[in-house]
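this one's sequence-less:
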């Protein structure tokens, strides 16, 4: 009986130490990066990873964006659904690196109509705005874009993006042409604020009607 008691004490101490070791283990750290999703299509969308909705604050309305949201780095599969629908319209696999900033553009209801840009965001320090152009209009062909009278983006194909260029703040006339044409497909005005960083993107189709008509959207990246 005297021998059994010390053995029992040793066993209990070993269990307690093992329990403490498990408690003291450092939690798993999930590296994240920033992803913005821009809806250049006519459907309102939500997107999910492993069944969990990512854009929890609001659905993505046409011409809207999620803003930059922290997502896990590495290979992830993103499922896109309409609000309140369990049906996956399409999915897109992305391999994202840490310490970088991305935008995913959705230009239609299939994976091949999605594409990403790597965003380098730096505000202008000379009381100007910065703007780039992204062609997210699937059938528009190459496009030329003028922002005011100074910024020109030339021969931009579908799924391509320009660099961010500085432009004076204020009300700016924006004209979009098919490359080589002198007749503007889009002629509109936008107000740009000093210190902000913008993405101007096209959406829709050349001969589209209603929500699918060729147009532009403007995203504030910063």
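Perfect, thanks for sending it. Model, not experiment: these values are computed from the prediction. Residues are numbered from 1 along each chain as shown.

host element of the closest residue to residue 95 other than its chain neighbours?
In space, residue 95 comes closest to residue 75 once its chain neighbours are excluded; the distance is 4.8 Å by Cβ to Cβ, 6 or more residues apart in numbering. For every residue, glycine as well, the C-beta is placed using N, CA and C. Applying DSSP states H and E as the criterion places residue 75 in strand 74-81.

Over to residue 82: give its phi and psi.
Dihedral pair for residue 82: phi -80, psi 160, per degrees, to the nearest 10.

Confidence-wise, which helix or strand of this protein is lowest on average?
Every helix and strand of the chain was ranked by mean pLDDT, DSSP states H and E. The lowest is helix 4-24, at a mean of 49.

list the contacts for residue 217?
The contact partners of residue 217, taken as Cβ atoms under 8 Å, 6 or more residues apart in numbering, are 38, 40, 63, 200, 201, 203.

Chain neighbours aside, what residue packs nearest to the third one?
Read it as residue 63. Using Cβ to Cβ, 6+ apart, the closest residue to residue 63 is residue 217 (4.0 Å).

mind checking how far that neighbour is from residue 65?
Here residue 217 is placed at a distance of 8 Å from residue 65 (Cβ to Cβ, to the nearest Å).

do residue 135 as well
The spacing between residue 135 and residue 65, counted by Cβ to Cβ, is 17 Å.

So between those two, which is more surrounded?
Per other Cβ atoms under 10 Å, whichever of residue 135 and residue 65 has more neighbours is residue 135, with 27 against 24.

What mean pLDDT does the helix or strand containing residue 171 get?
Using DSSP H and E, the element containing residue 171 is strand 170-178. Strand 170-178 comes out with an average pLDDT of 97.

shared neighbours, residue 217 and residue 65?
residue 38.

thinking again about what came up before, what sits up against the strand holding residue 171?
Under Cβ under 8 Å, 6+ apart, the answer for strand 170-178 is 140-149, 183-192, 200, 202, 214, 216.

Next one: the residue positioned nearest the centre of the chain relative to residue 76, how far apart?
The residue lying closest to the centre of the chain (Cα atoms, centre = their mean) is residue 36, at 2.3 Å. Distance of residue 36 to residue 76, computed by Cβ to Cβ: 15 Å.

related to what we said a few turns ago, so which of the contacts of residue 217 wins on neighbours?
With neighbours taken as other Cβ under 10 Å, the top of the contacts of residue 217 is residue 203, carrying 29 neighbours.

ok, back up a step: beta partners of the residue nearest to the centre of the chain?
Listed beta-bridge partners, residue 36: residue 103 (assigned using DSSP bridges).
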